[in-house]
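Visitor: Quick one, what's the 3D model for this:
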Amino acid sequence: MKKVERINVIMRYINNRGHFTISEIMQEFNISRSTAIRDIREIEAMGMPLVAEVGRDGGYSVMNNSVLPTVRFTDTEIKALFIAFMATRNQQLPYLKSRQSLAEKLLGLISENQQDDLVLLNQILLFEGTNPHNPDLLDLSDLPHPMLEQLIQSILSDSYLWITVQEEKLMKSYPIYLLHLYREKSIWLIEGFDLEEEKRQIFSVDNLIDVKPYTEKKRVGKKKIQEKLKMQEEVANLVVELGPKAIVQFKKYHPLKASISYTNPYQTEAVLRMFVDVKNSEELTEMINWLLFLGRDMKVREIPVEVLEGVRERLDLFL
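Guide: Here you go, the predicted model:
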């Protein structure tokens, strides 16, 4: 019996008995005293309220506490949880090992009929990250960059960070105020305000070598950072009216900095306003590709010459 499965069975045993001893656990599950103690400690860490009773006939009992109600999942809630797991496979999400152990624990808590339903759903439902030749509910093998979890833990403590990144053959450190951590085009990116250069910077997590709290006492305040960023905002040079078909395409995919404003209550018409850095060849190419992806259901109000020429050149290839 696997450890996760054994712990789930012990939890059900404890819950049904209400009172138990270490010896009973050892005998019932044929495990050593040290293993039984470790399992009980893990069960306590998972949130089951146990009270140790001192004395010759002592043992453990489950504490009755209305503040800690029994958690039960309905069939639809179980399906919702596992469909979420299926849909996010191969997305290089953080805490992969915890996601896998959570899935295993949930499987151990449900009935065989419910497990059969999930297996069937797993065979029927296909998502972008699904391998149709080997669909496995617990196939969470898409490890993210090892620094990602460390970065997230640091952010939870403080948004002011010292980050060290590999830039070609050099290592460079930056003091930043982290604005966003996001994933775009299968790459995790850090959007931060450079506290020395006083400007917005983008760093790839793949290039991250180290992250530490920024301990400088004279920090730039959040309000001042927002003021600096607002002053540095570029004026929109691309303005496009979108029809319903283009809006559907926009919802399928759009660059992180692109947003639309709906112009009717039915959300079938919208306006897109954004700045395109035409001097950045990568961004220019991406914008040309994306506008073609949106399709013909749009009307251009304003567009940089470089973008327009790129779109025309791309269309000429198909004529």
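Visitor: biggest strand in the protein by residues?
Guide: strand 170-184 (DSSP state E).
Visitor: Would you list the strands that it pairs with, along with their directions?
Guide: With DSSP bridges as the test, strand 170-184 is paired with strand 160-167 (antiparallel), strand 187-194 (antiparallel).
Visitor: Any chance of JSON lines for the ones you listed, columns mean pLDDT and distance to residue 91?
Guide: Any C-beta I mention is one placed from the backbone N, CA and C, and that applies to glycine too. Shown next, in JSON lines, are the strands paired with strand 170-184 (pLDDT from 0 to 100; distance: least, CB to CB, whole Å):
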{"stretch": "strand 160-167", "mean pLDDT": "94", "distance to residue 91": "23"}
{"stretch": "strand 187-194", "mean pLDDT": "93", "distance to residue 91": "10"}
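Visitor: for the record, mean pLDDT for the longest strand of the chain?
Guide: Averaged across strand 170-184, pLDDT comes to 93.
Visitor: Using PDB, write out the CA atom coordinates for it.
Guide: Taking C-alpha atoms only, strand 170-184 is exported to PDB below (Å, rounded to 0.1, in the frame of the first residue of the first chain):
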ATOM      1  CA  LEU A 170      27.300  38.100 -17.700                       C
ATOM      2  CA  MET A 171      25.400  38.000 -14.500                       C
ATOM      3  CA  LYS A 172      23.700  41.200 -13.400                       C
ATOM      4  CA  SER A 173      21.700  42.200 -10.300                       C
ATOM      5  CA  TYR A 174      18.700  44.500 -10.200                       C
ATOM      6  CA  PRO A 175      16.800  46.100  -7.300                       C
ATOM      7  CA  ILE A 176      13.100  45.900  -8.400                       C
ATOM      8  CA  TYR A 177       9.600  46.400  -7.100                       C
ATOM      9  CA  LEU A 178       7.700  43.400  -8.600                       C
ATOM     10  CA  LEU A 179       4.600  44.500 -10.500                       C
ATOM     11  CA  HIS A 180       3.500  41.200 -12.000                       C
ATOM     12  CA  LEU A 181       4.600  37.600 -12.500                       C
ATOM     13  CA  TYR A 182       3.000  36.200 -15.600                       C
ATOM     14  CA  ARG A 183       3.200  33.500 -18.300                       C
ATOM     15  CA  GLU A 184       3.200  34.400 -21.900                       C
END
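Visitor: which other residues reach stretch 161-178?
Guide: 154-155, 159-160, 190-196, 201, 203-204, 207-214, 216, 220, 222, 225 (CB atoms under 8 Å, 6 or more residues apart in numbering).
Visitor: Can you classify the residue nearest the centre of the chain as helix, strand or coil?
Guide: Nearest to the mean C-alpha position of the chain, counting by CA atoms, centre = their mean, stands residue 93 at 5.1 Å. Three-state call for residue 93 (DSSP: H, G, I helix; E, B strand; the rest coil): coil.
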